[in-house]
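> What follows is a predicted protein model with its sequence.
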Amino acid sequence: MKWEYLTPGIPDNYFERDESIPMTKEEIRALVLSKLRLRKGSKFLDIGCGTGSVTVEAALLLGEEGKVYAVDKEEKAIELTKRNLERFGVSNRVTILSGNAPEILKEIEDKLDAVFIGGGSEVISDILYKVSKMMKPKGRIVLDAILLETVNKAIQTLENLNVSNLEVTEAIIAKGMKTKFGTAMLSRNPIFIISGELE
């Protein structure tokens with residue numbers, strides 16, 4: 001499958017899906033990618049890659065000279081990400097690591113330009129401390145979460161790390177659904193997107 005546009009936000013139905021594997025939906029993905037501020041040739045890490053939708057879009061944006069690392073602890077997610085990478089022809093730009101973050105991150109030797117942490121984690125603080133040591137100066141950290149507890153932990157940790165330009169955005173997306181009477185708007189869960197920049 002070919003995505004012929006420069007804009008992020010590939011429609012969700014372009015990806016192979018599995019209802020048991022989380023996916024960053026297209027509108028949230030577009031917001032996340034805008035907060036990451038990726039450049040051609042950047043080195044990027046996607047923790048909790050799930051379906052691989054952010055991994056795929058990042059690989060397309062970074063081009064042949066870029067490098068993407070995708071991490072997930074679920075083998076089903078790893079296999080699904082691999083299939084979606086093949087589907088979009090970007091497998092050669094991505095290294096996939098199967099295991100728990102932050103432990104698995106020791107396998108990455110590159111200094112990173114940007115990191116995305118998807119869906120939150122009970123060990124979000126440990127992950128943030130670990131990735132902060134793996135990044136270049138001015139590196140971007142972005143995460144999304146649905147739980148207020150995850151948001152609170154993430155903000156506190158990023159403040160302790162002296163992250164600058166710390167932003168919190170709440171996105172509430174509603175999608176139209178055709179009914180016999182017209183179009184009804186169905187709301188999805190509110191998503192918090194937290195972003196900042198290392199000194």
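Sure, I can see it. Residues are numbered from 1 along each chain as shown.

> show me where the protein has helices.
Counting by DSSP state H, the chain has helices at residues 26-36, 53-62, 75-87, 124-132, 148-160.

> Buried ones in the fourth one, by neighbour count?
Same thing as helix 124-132. 124-125, 127-128, 130-132 (16 or more other C-beta atoms under 10 Å). C-beta here means a position set from N, CA and C on the backbone, and glycine is covered the same way.

> Same check on the last one?
Applying a neighbour-count criterion of 16+ other C-beta under 10 Å, the buried positions in helix 148-160 are 150-151, 153-155, 157-158.

> Now render those residues as a markdown table, adding pLDDT and distance to Val94.
Output for the buried residues of helix 148-160, formatted as a markdown table (pLDDT from 0 to 100; distance: C-beta to C-beta, whole Å):
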| residue | pLDDT | distance to Val94 |
| --- | --- | --- |
| Thr150 | 94 | 26 |
| Val151 | 95 | 28 |
| Lys153 | 96 | 28 |
| Ala154 | 96 | 25 |
| Ile155 | 96 | 30 |
| Thr157 | 97 | 27 |
| Leu158 | 97 | 26 |
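
> In CSV: these, plus distance to Pro11.
What follows is the buried residues of helix 148-160, written out as CSV (distance: C-beta to C-beta, whole Å):
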residue, distance to Pro11
Thr150, 27
Val151, 28
Lys153, 32
Ala154, 29
Ile155, 32
Thr157, 34
Leu158, 32
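
> how about the strands in this structure?
43-47, 67-72, 94-98, 112-117, 135-145, 164-171, 174-178, 183-187, 191-197 (DSSP state E).
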